[in-house]
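**Student:** pasting the structure only:
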């Protein structure tokens, strides 16, 4: 894991960030600049996970790594970082993994995470929904799913999961993203399940737009910062 602490001021929480890259690309260090800025601007410790990548390590390897990191934070964040208030998020494949982690934690009775930001994730790897069929032949899906016969397994494709009991979720996606329909469908599933979900669609924005140096990306990043601050709750007391 790569840990980014705020340069100054008290720590107000810990955010677990999961990078994108189609499950098979994306060195964790690629997001260092953004995570560093997020830590300094928000007063949070940002932790990124160097999870195993496909095709050498297909599902569920990456999800298991991210789950392990989340559980480690639940147990050790207060003593290591002086804060126990936890949030989670990710972009593209990272958003898919973040949602998968929340579902796994919920099934274990772990409710420590108070909010999640999902940026343009992929939620139907089975290609059965209208949105999923648009990208059904993409290499990254083949690499990540490996030899799984049924890709509608909820642990692999969260669109098929029972998503009740999850914390508040912010869904961020661009209007020009090929995954727009997938994200709208996921937000709808969350809403029907009673989850507090906020869907924000940004105009004239492609897949991955929040990582670009544009005014729209800056606006989205500021929206994410404000949303996380609202859902982080009161600052947790320092350990010890």
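**Tutor:** Cool, the structure landed. Computed from a predicted model, the values in this text were never measured in an experiment. Residues are numbered from 1 along each chain as shown.
**Student:** only C-alpha atoms for contact and neighbour calcs from this point on.
**Tutor:** Will do.
**Student:** so where do the strands sit in this protein?
**Tutor:** Taking DSSP state E, the strands of the chain run over residues 2-4, 13-18, 44-48, 86-91, 113-119, 169-174, 197-202.
**Student:** can you pull out the helices in the chain?
**Tutor:** In the chain, the helices defined using DSSP state H lie at 32-42, 61-81, 93-107, 130-133, 139-145, 180-192, 215-231.
**Student:** in TSV: the ones you listed, plus mean pLDDT and mean neighbour count.
**Tutor:** Shown next, in TSV, are the helices of the chain (pLDDT from 0 to 100; neighbours: other C-alpha atoms under 10 Å):
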stretch	mean pLDDT	mean neighbour count
helix 32-42	91	18
helix 61-81	97	18
helix 93-107	98	23
helix 130-133	90	17
helix 139-145	94	20
helix 180-192	97	20
helix 215-231	96	16
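**Student:** using TSV, lay out these together with distance to residue 173.
**Tutor:** Listed next are the helices of the chain as TSV, based on distance: least, C-alpha to C-alpha, whole Å:
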stretch	distance to residue 173
helix 32-42	18
helix 61-81	22
helix 93-107	11
helix 130-133	14
helix 139-145	19
helix 180-192	6
helix 215-231	9
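**Student:** quick one: which of these is nearest residue 206?
**Tutor:** With C-alpha to C-alpha as the criterion, residue 206 lies closest to helix 180-192 of the helices of the chain, at 9.3 Å.
**Student:** could you give the angle of that closest one to strand 169-174?
**Tutor:** Going by axes from the mean of the first three to the mean of the last three C-alpha atoms, to 10 degrees, helix 180-192 is angled at 160 degrees with respect to strand 169-174.
**Student:** what comes into contact with helix 180-192?
**Tutor:** Under the contact criterion C-alpha atoms under 8 Å, 6 or more residues apart in numbering, helix 180-192 has outside partners 120-124, 131-132, 159, 163-164, 171, 173-174, 196-199.
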